[in-house]
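# The sequence and its predicted three-dimensional model are supplied below.
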Amino acid sequence: MFVDQIAMNKVIVLYRRPSGKAVQGDFKLIFEPVPVADDGEILLKTRFVSVDPYLRGRMNDKPSYVPPFKLNKPLQSAIIAEVIDSNDTRFKIGDMVCGNLEWKEYQVATGKGLQLIQTADIYLTAYLGILGMTGLTACLGLTEIGRPKPGETLVISGAAGAVGSVVGQIGKIMGCRVVGIAGSDQKVKLLKSKFNFDEAINYKTTMDLRGAIKTVCPDGVDIYFDNVGGKISDDVLNYINKYARIVVCGAISMYNETSRVLGPYVQPSLVSKSALMQGFIVSDFADQFPATKKQLFKWLMDGKLSYHETILEGFERIPQAFIGLFEGNNEGKMIVKV
């Protein structure tokens, strides 16, 4: 990562658009003057930064459901920040806020789109994960598209990630038999010991993944929550049941591909099983956010949900944390502590 030291405030910008998997050289650390809050503004100091796979799509210069990042401009993601100066009566010094903010150590904001968060009941970083976009994505994707019923079999790819680990727990709350697919023995152990999955498969060490899925899903697959796409999903779709629901949340295995990847065609499976396959982004269900957050908080307080985090320390390590998502370095939510 290139460094251009100008002043005091650290900022990470997109230096060049990645070709395939992002590397450190695609990002640039620069320094600029610490800003001053004007009337109606607040000055924020970044405390925790969320990195998520969907950010990779915003690094490409092509249309999507959110605008692409601009070259030589700061990247953005969900951030928890502390108010250190305020000219806005809604916020006082010492308040903690969460919102989609720039990768800067210090920045000014108007308060628009920021959530004032409480620190008494739960640790701050939960608002970047299980009580934030992660939890909303897991809960709404599963309930609105997956429509789980007691006794059904739910399979989750990328199961040890931030979203997948929550999906599995909610599936258990709703009476499903839950099977996770992950990329290490440690993650498999975590799924079964901490998140109460019924079965878990390490796809990297399983020679016959399709056969393994058949073994742990003897009654077939009723719901498939897909976070990865690619061959893993091809193998799962081989065992879907009549009226199965496939929830397409992500395709991390293909985000870094530079050419179109071909695999088995899904139409025969969908037709023969009268199955539903639907992609979504969490903002599709924005009107349900308040009620869903309350439900997630209640489950958390009741001990029905738990969460796991991988935390790197140091503002300069934000790109490293992001790159690590595609190398399987995270268990649960990947966060940078500043």
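Done, it's in.
# Let me see the contact set for Phe289.
By C-beta atoms under 8 Å, 6 or more residues apart in numbering, Phe289 lies in contact with Leu136. The C-beta positions use only the backbone N, C-alpha and C, and glycine is treated the same way.
# next one: Asn330
Gly161, Ala162, Thr310, Gly324.
# Look at it and report its pLDDT.
Looking at Asn330, its pLDDT is 88.
# Would you list the phi and psi of Ala200?
When quoted as degrees, to the nearest 10, the phi and psi of Ala200 stand at phi -150, psi 150.
# got a list of what it touches?
Ala159, Val179, Gly180, Ile181, Ala182, Lys187, Val188, Leu191, Lys192.
# hey, what's it bridged with?
Gly180 (DSSP bridges).
# Quick one: list the elements packing against the longest strand seen in the chain.
Secondary structure of the chain per DSSP state E: the longest strand is strand 76-86. On a contact count with 3 or more C-beta pairs under 8 Å, 6 or more residues apart in numbering; DSSP states H and E, strand 76-86 meets strand 42-50, strand 96-102.
# Just checking, which helix or strand succeeds the shortest one along the chain?
Reading on from strand 96-102 to the C-terminus, the next helix or strand found by DSSP states H and E is strand 106-109.
# got the contact list for that following strand?
Applying C-beta under 8 Å, 6+ apart, the contact partners of strand 106-109 are 9, 34-38, 41-46, 81, 84, 99, 101.
# Tell me which stretches of the stretch 151-300 of the chain form helices.
162-173, 185-193, 209-216, 230-237, 267-272, 289-301 (DSSP state H, counting those that start in this stretch).
# ranking the ones you listed by burial, who's on top?
helix 162-173 (a mean of 27; mean count of other C-beta atoms under 10 Å).
# Quick check: the two most widely separated of the contacts of Ala200?
Val179 and Lys187 (13.5 Å; C-beta to C-beta).
# Show the low-confidence segments of the stretch 101-250 of the chain, by residue range.
Low-confidence segments of the stretch 101-250 of the chain, defined by pLDDT under 70: 119-121.
# hmm, try it at 80
Within the stretch 101-250 of the chain, the segments meeting pLDDT under 80 span 118-122.
# Turn the contacts of Ala200 into JSON lines, columns for distance to Thr205.
Output for those, formatted as JSON lines (distance: C-beta to C-beta, whole Å):
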{"residue": "Ala159", "distance to Thr205": "15"}
{"residue": "Val179", "distance to Thr205": "16"}
{"residue": "Gly180", "distance to Thr205": "15"}
{"residue": "Ile181", "distance to Thr205": "12"}
{"residue": "Ala182", "distance to Thr205": "11"}
{"residue": "Lys187", "distance to Thr205": "11"}
{"residue": "Val188", "distance to Thr205": "9"}
{"residue": "Leu191", "distance to Thr205": "15"}
{"residue": "Lys192", "distance to Thr205": "16"}
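# Tell me which stretches of the stretch 1-150 of the chain form helices.
According to DSSP H, counting those that start in this stretch, the stretch 1-150 of the chain carries its helices in the segments 55-58, 133-140.
# Throw those into JSON lines and include mean neighbour count and distance to Glu331, thanks.
Output for the helices of the stretch 1-150 of the chain, formatted as JSON lines (neighbours: other C-beta atoms under 10 Å; distance: least, C-beta to C-beta, whole Å):
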{"stretch": "helix 55-58", "mean neighbour count": "18", "distance to Glu331": "19"}
{"stretch": "helix 133-140", "mean neighbour count": "25", "distance to Glu331": "13"}
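# Would you mind giving those as TSV with distance to Tyr243 added?
Compiled in TSV, the helices of the stretch 1-150 of the chain are given as follows (distance: least, C-beta to C-beta, whole Å):
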stretch	distance to Tyr243
helix 55-58	31
helix 133-140	21
